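Engineer: Sequence below, structure please.
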Amino acid sequence: MDVLVRLEERPSDSPVLAHVNSIPVLPFGTRSRREVVTLYGQADAQSLALALAATFESERMEASASGVVRHLGVWPDRGAVGDSAWRDGATGRLVTQDLDIPLLTLEARASELLGACGTTIRRVAAGLAMSDWPEGTERALTFSLASGVSGGGALDDEAGTENWLDSLRQADAYSYDETEAD
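Structural biologist: Numbering: from 1, shown residues only. Down below sits the predicted model:
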């Protein structure tokens, strides 16, 4: 599963920590499922882990259908609330399901994720929180979750999150050469 994590200002009228939206696998299989996580306010590992936990827990609650689209909001006092939708393979009808995941369930799964792959989750959160992003750039990083992450697997930084941020700094003249001139 590919994950795109974005950082935005916190909406003034809502205490929401994050939104999680899924984009299903295309029928001709050119990419894996993508989760789009939007963090609000400060980027930290705990908020990111809670949002990822909402993704895994919602998968457990849904029917095993392809093409599932999901939208969840993650709140600090309520857990995750939202819905999912997919097309029934036999009838072609649109099927929807309300999702309500308690905060204690999210916290337990988030702790499990931080234990299994906390280093990468912390790196992604730290990358979003860095102050030296070029002005006007949307703060967003991608990474991939190994297929067995919910069972204790690891996060896979195939997208080269840290290398990507370094290339942005170099392109915007934020890097320098440490070699001395003769």
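
Engineer: hey, let's count contacts and neighbours off CA atoms from now on
Structural biologist: Noted.

Engineer: Skipping its backbone neighbours, what lies nearest residue 52 in space?
Structural biologist: Leaving aside its chain neighbours, residue 52 sits nearest to residue 110 (7.3 Å; criterion: CA to CA, 6 or more residues apart in numbering).

Engineer: following the helix or strand where that neighbour lies, which helix or strand shows up next?
Structural biologist: Using DSSP states H and E, the element containing residue 110 is helix 103-129. Next helix or strand after helix 103-129 toward the C-terminus (DSSP H and E): strand 140-145.

Engineer: any chance you could read off phi and psi for the residue nearest to residue 47 when sequence neighbours are not counted?
Structural biologist: Sequence neighbours aside, residue 17 is the residue nearest to residue 47 in space, at 6.6 Å (criterion: CA to CA, 6+ apart). Per-residue torsions, residue 17: phi -80, psi -40 (degrees, to the nearest 10).

Engineer: where does the residue nearest the centre of the chain land in three-state SS?
Structural biologist: Closest residue to the average C-alpha location of the chain: residue 37 at 3.9 Å, with CA atoms, centre = their mean. The three-state label given to residue 37 by DSSP: H, G, I helix; E, B strand; the rest coil is strand.

Engineer: Use 880 as the first number for this chain going forward.
Structural biologist: Understood, numbering begins at 880; the last thing we discussed is residue 916.

Engineer: OK, contacts around it?
Structural biologist: Going by CA atoms under 8 Å, 6 or more residues apart in numbering, residue 916 touches 882, 883, 884, 885, 897, 898, 899, 900, 927, 930, 931.

Engineer: Thank you, goodbye.
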